[in-house]
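[1] here is the input, now give the coordinates:
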Amino acid sequence: MPKATYAGREVEVNDEGFFVDPAEWDEAMAPEIAQAEGIPTLTEDHWRVLKFMRTEYTEKGEGPTVRVLGKTSGVSIKELYQLFPKGPAKLAAKIAGIPKPRGCI
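    Coordinates of the predicted model:
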């Protein structure tokens, strides 16, 4: 299994860079993951989405789709694509340390 180092901690990731064990993630890692994915700084709206992703994963066992994010996270779909240009659900899940949501390519 590949490994990555964020905030000075080595973690296992899959071939696409998603955490194998979401419990290994902490908030200090998010800015480094975001920078590696082309997002230079995380704004309050980024954090709102990331925390929503983590909560949904914890409660339901999987990350939300873009449609669910746009309807229930407090950030519109248009804003989601501005915040996470490479694909909101997939990129936000990676930064939030959870598995790639179903339906993401």
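[2] so who does residue 40 touch?
    residue 34 (CB atoms under 8 Å, 6 or more residues apart in numbering). In this view, the C-beta of every residue, glycine as well, is placed from N, C-alpha and C.
[3] show me where this structure has helices.
    Taking DSSP state H as the test, the helices found in the chain are 30-36, 44-60, 66-72, 77-83, 88-96.
[4] which of those helices is buried the deepest?
    helix 88-96 (a mean of 25; mean count of other CB atoms under 10 Å).
[5] packing partners for that one?
    For helix 88-96, the packing partners by 3 or more CB pairs under 8 Å, 6 or more residues apart in numbering; DSSP states H and E come out as helix 30-36, helix 44-60, helix 66-72, helix 77-83.
[6] quick one, it and helix 44-60 angle?
    Interaxial angle of helix 88-96 relative to helix 44-60 (axes from the mean of the first three to the mean of the last three CA atoms, to 10 degrees): 90 degrees.
[7] how about the helices and strands packed on helix 88-96, which one is nearest residue 8?
    Nearest to residue 8, of all these, is helix 30-36, at 9.6 Å by CB to CB.
[8] elements contacting that closest one?
    Helix 30-36 sits against helix 88-96, with contacts defined as 3+ CB pairs under 8 Å, 6+ apart.
[9] now the helices of the chain in JSON lines, with mean pLDDT?
    Converted to JSON lines, the helices of the chain look like this (pLDDT from 0 to 100):
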{"stretch": "helix 30-36", "mean pLDDT": "97"}
{"stretch": "helix 44-60", "mean pLDDT": "95"}
{"stretch": "helix 66-72", "mean pLDDT": "88"}
{"stretch": "helix 77-83", "mean pLDDT": "94"}
{"stretch": "helix 88-96", "mean pLDDT": "94"}
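[10] export these to JSON lines and tack on distance to residue 14?
    JSON lines is the format used below for those (distance: least, CB to CB, whole Å):
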{"stretch": "helix 30-36", "distance to residue 14": "14"}
{"stretch": "helix 44-60", "distance to residue 14": "15"}
{"stretch": "helix 66-72", "distance to residue 14": "21"}
{"stretch": "helix 77-83", "distance to residue 14": "23"}
{"stretch": "helix 88-96", "distance to residue 14": "10"}
